[in-house]
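Participant: got a structure for you, letters missing:
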């Protein structure tokens, strides 16, 4: 048990250091030696816990995917319990996309997804999970949605979510809470209008 | 004149080779020697035409920004001439975002925008241009839009545009033309519903 806990602590420390270093320098420009120094472990220790740098990246992507899955389930639960309206659900979801702190790293990971099959697959699976929940949300907004209209609703929601979460480079005028509130209103109106 | 044309050809050849190489390998993992070989010029020739690799990246970003500006002006002109409805204008704009061939490179560039001030500034200026045109489009969809509602419309349009253009990793079910058509319908309905 102590050994397992020790291994968990080691992985967490390496992943934390990796997130910071990869975010400021890019992961291709970060060496395992730099990562070991930042995480205060030996290079050998990293290789005992991860197959290599790509495996550290994959672990970061998986951790982000898991956190997103938890968030989406929590929103779904609050919607089902009528603690949130569908508009508030979208608002919370949009707001959560802007809480991402490591935007440079997130773009690096997306670029990597085209060059590294494992990363591409993890991103694909994460999106598949999003799509399932977004379809459910769309049907709450408009019970009559089926077929192509529902597929398109899923597309629109995923696009809004992704784009909204990457707005910082575009020099937005509105604060994230105000924008999320208003965009959620437009999304619900858009969903209600199609059939 | 011959010298100027020769310089233009050299720049174009280097930029074409850079787009291909950077896209498959990432630009941090591409050396100037590799770029020279692919462009069939000497390394010295690259340095006569560009300050360095960052300058090549900046030239690629600028070329993409210029192409987008031309596209948005063309859409605006066709909308003004009533050749396109506002819904068709959004549809065409969304479709254009999916025509991007170098998605990995585009994510690399976005990551770089956080680490390289010049690239960040070019992206910011490109988005400022988008925002101006998107506001105009939003007002065509709903003449009553002003103030915060108009600012939010701009946010929603930019988010949809960005997210839609980066959908390939998310394993979409619908083809780009079908999705663009339906999403444009939802966008117009969303814009009409707010005030």
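Facilitator: Great, that's in hand. All values derive from a computational prediction rather than experimental measurement. Numbering: from 1, shown residues only, chains lettered A, B, ... in the order given.

Participant: please parse chain A into its domains.
Facilitator: Chain A breaks down by automatic domain parsing into domains covering A:1-50, A:52-193.

Participant: tell me the mean pLDDT for the longest helix seen in chain A?
Facilitator: Assignment by DSSP state H gives helix A:53-80 as the longest helix of chain A. Helix A:53-80 shows a mean pLDDT of 92.

Participant: how much does whichever helix or strand comes after that helix deviate in direction from helix A:53-80?
Facilitator: Downstream of helix A:53-80, the next assigned helix or strand under DSSP states H and E is helix A:86-97. Angle, helix A:86-97 to helix A:53-80, by axes from the mean of the first three to the mean of the last three CA atoms, to 10 degrees: 160 degrees.

Participant: need the residues that contact helix A:86-97.
Facilitator: The contact list for helix A:86-97 (CB atoms under 8 Å, 6 or more residues apart in numbering or on different chains) reads A:71-72, A:75, A:78-79, A:84, A:137, A:140-141, A:157, A:160-162, A:164-165, A:176-177, A:179-181, A:183-185, A:187-188. All C-beta spots, glycine's among them, are computed from the backbone N, C-alpha and C.

Participant: from those, which land in helices?
Facilitator: Using DSSP H, those in helices are A:71-72, A:75, A:78-79, A:137, A:140-141, A:157, A:160-162, A:164-165, A:176-177, A:179-181, A:183-185, A:187-188.

Participant: give me the buried subset of those residues.
Facilitator: Neighbour-count burial (16 or more other CB atoms under 10 Å in any protein chain shown) applied to the ones in helices among the contacts of helix A:86-97 gives A:71-72, A:75, A:79, A:137, A:140-141, A:157, A:160-162, A:164-165, A:176, A:179-181, A:183-185, A:187-188.

Participant: hmm, back to that, and the domains of chain A, which is most packed in?
Facilitator: domain A:52-193 (a mean of 19; mean count of other CB atoms under 10 Å in any protein chain shown).

Participant: mind checking if stretch A:114-132 is in reach of chain B?
Facilitator: Yes. Stretch A:114-132 is in contact with chain B by CB under 8 Å from any CB of the partner chain, via A:114, A:115, A:120, A:123, A:124, A:127, A:128, A:130, A:131.

Participant: returning to what we had before: weakest of the domains of chain A in terms of mean pLDDT?
Facilitator: domain A:1-50 (a mean of 88).

Participant: I'd like the distance from it to the chain centre, please.
Facilitator: How far domain A:1-50 lies from its chain's middle: 21 Å, per CA atoms, centre = their mean, to the nearest Å.

Participant: again, but for stretch A:172-180
Facilitator: For stretch A:172-180 - counting by CA atoms, centre = their mean - the centre lies 19 Å from the chain centre.

Participant: how about stretch A:141-154?
Facilitator: 23 Å.

Participant: over to stretch A:179-190?
Facilitator: Taking mean C-alpha positions (CA atoms, centre = their mean), stretch A:179-190 and its chain are 20 Å apart.

Participant: near chain B at all, that stretch?
Facilitator: Yes. Using CB under 8 Å from any CB, stretch A:179-190 reaches chain B at A:179, A:182, A:183, A:185, A:186, A:187, A:189, A:190.

Participant: what's the spacing between the fifth one and residue A:97?
Facilitator: Shown here: residue A:186 relative to residue A:97, a distance of 16 Å by CB to CB, to the nearest Å.

Participant: same check, this time on the second one
Facilitator: Residue A:182 sits 15 Å away from residue A:97, going by CB to CB.

Participant: please apply the same query to residue A:157.
Facilitator: Taken as CB to CB, the span from residue A:157 to residue A:97 is 11 Å.

Participant: residue A:173 touches residue B:150, doesn't it?
Facilitator: No. If you go by CB atoms under 8 Å, residue A:173 and residue B:150 don't touch, sitting 9.9 Å apart.

Participant: surely residue A:15 touches residue A:59?
Facilitator: Yes. Using CB under 8 Å, residue A:15 makes contact with residue A:59 at a distance of 5.9 Å.

Participant: from the residues of stretch A:114-132 next to chain B, which two are the most distant?
Facilitator: A:115 and A:131 (23.5 Å; CB to CB).

Participant: how far off centre is the longest helix of chain A?
Facilitator: 6 Å.

Participant: and stretch A:97-104, by the same measure?
Facilitator: 9 Å.

Participant: returning to that earlier point: the longest helix of chain A vs chain B: in contact?
Facilitator: No. Contact of helix A:53-80 with chain B (CB under 8 Å from any CB) is absent, the minimum separation being 11.6 Å.

Participant: what packs against that helix?
Facilitator: helix A:2-25, helix A:32-39, helix A:86-97, helix A:103-115, helix A:117-141 (3 or more CB pairs under 8 Å, 6 or more residues apart in numbering or on different chains; DSSP states H and E).

Participant: try 10 Å
Facilitator: Secondary structure elements in contact with helix A:53-80, counted by 3 or more CB pairs under 10 Å, 6 or more residues apart in numbering or on different chains; DSSP states H and E, are helix A:2-25, helix A:32-39, helix A:43-49, helix A:86-97, helix A:103-115, helix A:117-141.

Participant: among those helices, which is nearest residue A:65?
Facilitator: Here helix A:117-141 is closest among these (CB to CB), at 4.1 Å.

Participant: tell me what that closest one is packed against?
Facilitator: helix A:53-80, helix A:86-97, helix A:103-115, helix A:147-165, helix A:176-193.

Participant: who touches residue A:121 in this structure?
Facilitator: A:58, A:61, A:113 (CB atoms under 10 Å, 6 or more residues apart in numbering or on different chains).

Participant: the last one against residue A:123, yeah?
Facilitator: Read that as residue A:113. Yes. Counting by CB atoms under 10 Å, residue A:123 is a contact partner of residue A:113 at 4.6 Å.

Participant: which residues are common contacts for the two?
Facilitator: Common neighbours of residue A:113 and residue A:123 (CB under 10 Å, 6+ apart) are A:61, B:169.

Participant: so who does the nearest residue to residue A:174 once chain neighbours are set aside touch?
Facilitator: Excluding the flanking residues, the one nearest residue A:174 by CB to CB, 6 or more residues apart in numbering or on different chains is residue B:151, at 5.0 Å. Residue B:151 sits next to A:172, A:173, A:174, A:178, A:179, A:182, B:131, B:135, B:138, B:145 when contact means CB under 10 Å, 6+ apart.
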